[in-house]
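K.L.:
model the structure of this input:
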Amino acid sequence: MNALQSLKTQYRLIPKVVEQAWHERDLGPLPLESELLLKCISDGGHKGQFLADAFLSTYRGDTFYHSLKDLTKLDAEAFRLFLEILHIHPIKRWSDDSLYTVEKQIKETLASEY
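P.N.:
Okay, here's the model as predicted:
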């Protein structure tokens, strides 16, 4: 095997090595803090509505009627929750039953506000 073939082989292995290291060290995205999310949504306001809509859009594919510029209006806690929401499907620690329960609680909270 020449040097170029060796480099190509090593280059193809990099993603596998990185993925394995992430799993071994649990360095992936943080799991959704559902209790904190539900509290923020029940507190209402722009932050609560934005996070509720983000969850429903990510989980069910509902239309997300916010501009991403609205992210600048979120505090650090809400921004972190937003990033966690974006990662709910890739994280294997979350079962669909858990996500469905969160969805139901969000919809109940939103329905009680009106």
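K.L.:
low-confidence stretches in the protein?
P.N.:
1, 4, 6-8, 10-11, 13-15, 17-19, 21-29, 90-93, 114 (pLDDT under 70).
K.L.:
all helices for it, in order.
P.N.:
Secondary structure of the chain (DSSP state H): helices located at 3-25, 34-43, 45-60, 76-86, 96-113.
K.L.:
between those helices, which gets nearest to residue 66?
P.N.:
Nearest of these to residue 66, taken as CB to CB: helix 45-60 at 5.7 Å. Where you see a C-beta, it was placed from the backbone N, CA and C, and this is true even at glycine.
K.L.:
quick one, the closest one and helix 76-86 angle?
P.N.:
Helix 45-60 runs at 10 degrees relative to helix 76-86, counting by axes from the mean of the first three to the mean of the last three CA atoms, to 10 degrees.
K.L.:
contacts only, for the closest residue to residue 89 other than its chain neighbours.
P.N.:
Leaving aside its sequence neighbours, residue 89 sits nearest to residue 58 (CB to CB, 6 or more residues apart in numbering; 7.4 Å). Taking CB atoms under 8 Å, 6 or more residues apart in numbering, we find residue 58 in contact with 85-86, 88-89.
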